[in-house]
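Chemist: Got a sequence here, can you build the structure:
(one chain, ligands or ions: 2)
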Amino acid sequence: MTTRPDSSPPGQTIAACASGPGRSLRAIVRLSGPDAVNALHALLDAPTAAPGELARVVLRPGVAATGALPCLAAVYRGPRSFTGEDSAELLIPGNPALVERVLAAVLRRPGTRAALPGEFSARAYLSGKLTIEQAEGIAASIAAQSAAQLDAARRMLDGTGGAQVRRWTDEVANLLALVEAGIDFTDQDDVTPIPRDELRDRLSRLRDGISRRLGPGAAWERAGERPRVVLFGAPNAGKSTLFNALLGRARSVASPAPGTTRDALAETLDLGADAPGSHAVTLIDLPGLDEHTGDKTARAALSRALDETARADAVIHCDPRGLFAEEVPGPASRPVIRVRTMADLPGPAGGSALSVCALDGWNLGPLRRAIADAAHAAPPDDADAAVLPRHRRAMAAAIDGLDAALAAVRRPDAPAELIAAGLRGALDALGEIAGDVSPDDVLGRVFAVFCIGK
Ligand SMILES: Nc1nc2c(ncn2[C@@H]2O[C@H](COP(=O)(O)OP(=O)(O)OP(=O)(O)O)[C@@H](O)[C@H]2O)c(=O)[nH]1
Ligand SMILES: [Mg+2]
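Modeler: Ligands and ions are numbered 1, 2, ... in the order given. Below is the predicted model of the structure:
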């Protein structure tokens, strides 16, 4: 991620609970960074076994305000670990209070801090341990709600999903080369530009293949409605300022007084310029979540904010502290983009939330693309939903490019440059799926929708 000068240096050790909330047989406390192994050993009465092996250990009496507690632990030495750094995992009984105490003991160590959502995977990506496709496969397998979605996630993890995209990419690149050969060398005898009939057939086949993969589309695409995207967060999180910055005009009142916004303000946000192939969305500025108010109007505003968030198609969770502690109401499968607002002010170190500054516009491009990706999420009950939102949008953009090329091929007088332009658009769009994305986009768009501990 391009960092603003106030971002703190890397090299910190991060820790988080990597298992789900609530009670379970076991919970996993996960650590990564230079101090990970020492931090683990400080909790135990004896060092663990060989790297990579799960060993029986005993949690020292007092660490978690308990007596000695038998547990399991494993250490992984960098670079032979998931993140590429020294890492450790501690498996303890899955009791939330116990997990909290163990994490608190770890986090008391200097140089150790709580991991932000997606940070383990972001570190793995940055150290070259994961491709972007595999990182997305991890997120997708956690979010999957159907066998089809699990299959799609597995295809991302093992690279077979990417192989299909590469075949499409190759075909577009071949067609582009043929068309360009026709443009540049028509006066040379040894180069035969591709006949229009053959070009049209291959373009149609390709377009139909991508379109089949995309499926019938999200509910609102069918219904002709715009996806509803809400700005959610605490009072004074910078929601209204961000709303105005995204729209490019001062539509909502923003002020240093908490509780300024009292109603849901909806406006159309066009994302086409930053995210080709994307729809316009309805962007909604909401009142801040002030749970501790006695005021009747504020209570009505709070319930409006919760209702709108619960029925939104995507959520932009705003937090200048980068903690994202507020619980987001609504279905768990829906995209939530974590945005650290006010990135011009000193704030938390590193992390994988998308940092933006609404005052100077920093990183609003990646945020617009993240919104466009989220708006392409298919509903979870859709059997064809097994394509990630980011990929859906890129495929839609590729189809737009191929349609433009096809339209040009069908016009006998259209110059070959028009066909080539459409093909280049399709090639760029498919390149995005394969991972031709800038580091800014990767951290912002991919990891900002991960959850903590992953
Ligand atoms: N330095 C800095 N200040 C910001 C930024 N964004 C917003 N602010 C300031 O933070 C304060 C609160 O901003 P709002 O946009 O009104 O916050 P809000 O989340 O809409 O607040 P409520 O409507 O009360 O829930 C204002 O004084 C803004 O000028 C930013 O990126 N950087
Ligand atoms: Mg506001």
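
Chemist: only C-alpha atoms for contact and neighbour calcs from this point on.
Modeler: OK.

Chemist: ok, and what's touching stretch 261-273?
Modeler: Residues from elsewhere that reach stretch 261-273, judged by CA atoms under 8 Å, 6 or more residues apart in numbering: 240, 246-247, 252-254, 278-288, 297-298, 301, 304-305, 308, 368-369, 372.

Chemist: Residue ranges in the chain under the pLDDT threshold?
Modeler: Residue ranges of the chain with pLDDT under 70: 1-10, 145, 183-193, 215-225, 348-351, 377-387, 434-446, 448-454.

Chemist: Which residues of it lie near ligand 2?
Modeler: Among all residues of the chain, those adjacent to ligand 2 (criterion: CA under 5 Å from the ion) are 240, 261.

Chemist: what about the closest residue to ligand 2 within the stretch 351-454 of the chain, how many neighbours?
Modeler: Nearest to ligand 2, among the residues of the stretch 351-454 of the chain, is Ala358, at 12.9 Å (CA to the ion). Neighbour count of Ala358, defined by other CA atoms under 10 Å: 22.

Chemist: The nearest residue to it once chain neighbours are set aside sits in which helix or strand?
Modeler: Across the structure, with CA to CA, 6 or more residues apart in numbering as the measure, the residue nearest Ala358 apart from its sequence neighbours is Leu242 (5.1 Å). Following DSSP states H and E, one finds Leu242 within helix 239-247.

Chemist: elements contacting that helix?
Modeler: The contact analysis (3 or more CA pairs under 8 Å, 6 or more residues apart in numbering; DSSP states H and E) places helix 239-247 against strand 228-233, strand 280-285.

Chemist: Contacts for that helix, please.
Modeler: Outside helix 239-247, the residues touching it (CA under 8 Å, 6+ apart) are 231-233, 250-254, 261, 269, 283-286, 318, 358-359, 361, 364, 368.

Chemist: Name every strand pairing with the very next helix or strand once past that helix and say which way it goes.
Modeler: Of the helices and strands lying after helix 239-247 in sequence (DSSP H and E), the nearest is strand 265-270. For strand 265-270, the paired strands and their directions (DSSP bridges) read strand 280-285 (antiparallel).

Chemist: Turn the helices and strands packed on helix 239-247 into CSV, columns for mean neighbour count.
Modeler: Output for these, formatted as CSV (neighbours: other CA atoms under 10 Å):
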stretch, mean neighbour count
strand 228-233, 27
strand 280-285, 23
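
Chemist: The residue of the stretch 351-454 of the chain closest to ligand 2 is in contact with Asp344, isn't it?
Modeler: No - between Ala358 and Asp344 no contact is recorded; they are 9.1 Å apart, counting by CA atoms under 8 Å.

Chemist: what's across from the residue nearest to Glu308 when sequence neighbours are not counted in the sheet?
Modeler: Using CA to CA, 6+ apart and skipping residues adjacent in sequence, the residue nearest Glu308 is Val230, 7.4 Å away. Beta-bridge pairing of Val230 under DSSP bridges involves Ile284, Val315.

Chemist: Could you pull up the contacting residues of Val230?
Modeler: By CA under 8 Å, 6+ apart, the contact set of Val230 is 283-286, 308-309, 312, 314-316.

Chemist: Likewise for Val281?
Modeler: With contacts defined as CA under 8 Å, 6+ apart, the neighbours of Val281 are 226-229, 268-271, 375.

Chemist: will you turn the residues you listed into CSV that also has distance to Ser333?
Modeler: CSV is the format used below for these (distance: CA to CA, whole Å):
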residue, distance to Ser333
Arg226, 19
Pro227, 15
Arg228, 15
Val229, 15
Thr268, 24
Leu269, 23
Asp270, 24
Leu271, 23
Ala375, 13
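
Chemist: Out of those, give me the one that has the most neighbours.
Modeler: Using other CA under 10 Å as the neighbour criterion, Ala375 leads the contacts of Val281 with 29 neighbours.

Chemist: OK, contacts around it?
Modeler: Residues in contact with Ala375 (CA under 8 Å, 6+ apart) are 227, 229, 279, 281, 313-314, 389.

Chemist: give me that answer again for 7 Å
Modeler: Ala375 makes contact with 227, 314, according to CA atoms under 7 Å, 6 or more residues apart in numbering.

Chemist: rewinding a little: could you say which one of the helices and strands packed on helix 239-247 comes nearest to Phe447?
Modeler: With distances scored as CA to CA, the stretch of these nearest to Phe447 is strand 228-233 (18.5 Å).

Chemist: Name the nearest residue to Gly33, ignoring sequence neighbours.
Modeler: Nearest residue to Gly33 in three dimensions, chain neighbours excluded: Thr13, at 4.0 Å (CA to CA, 6+ apart).

Chemist: what pairs with the one you found across the strands?
Modeler: Each beta-bridge partner of Thr13 is listed here, defined by DSSP bridges: Thr112.

Chemist: That one contacts Asp35, correct?
Modeler: Yes - under the criterion of CA atoms under 7 Å, Thr13 lies in contact with Asp35, with a separation of 5.8 Å.

Chemist: So between these two, which is more surrounded?
Modeler: Thr13 (25 against 21).

Chemist: and that one, what is it in contact with?
Modeler: Neighbouring residues of Thr13 by CA under 7 Å, 6+ apart: 31-36, 111-113.

Chemist: picking up where we left off before, in terms of distance to Glu89, which of the contacts of Val281 ranks first?
Modeler: When those are ranked by distance to Glu89 (CA to CA), Ala375 comes first, at 35.5 Å.

Chemist: Helices of the protein, start to end?
Modeler: The residue ranges that make up the helices of the chain, judged by DSSP state H, are 36-43, 96-107, 119-126, 132-143, 147-158, 160-184, 196-214, 219-223, 239-247, 296-310, 364-375, 389-410, 416-434, 439-441.

Chemist: angle of the fourth one against helix 147-158?
Modeler: Just to be clear, that refers to helix 132-143. Between the axes of helix 132-143 and helix 147-158, defined by axes from the mean of the first three to the mean of the last three CA atoms, to 10 degrees, the angle is 150 degrees.

Chemist: any idea how the protein splits into domains?
Modeler: Per automatic domain parsing, the structural domains of the chain span 13-116, 160-217+386-434, 222-377.

Chemist: can I get the ones you listed in CSV with distance to Ala147?
Modeler: As requested, these are exported to CSV (distance: least, CA to CA, whole Å):
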stretch, distance to Ala147
domain 13-116, 20
domain 160-217+386-434, 9
domain 222-377, 14
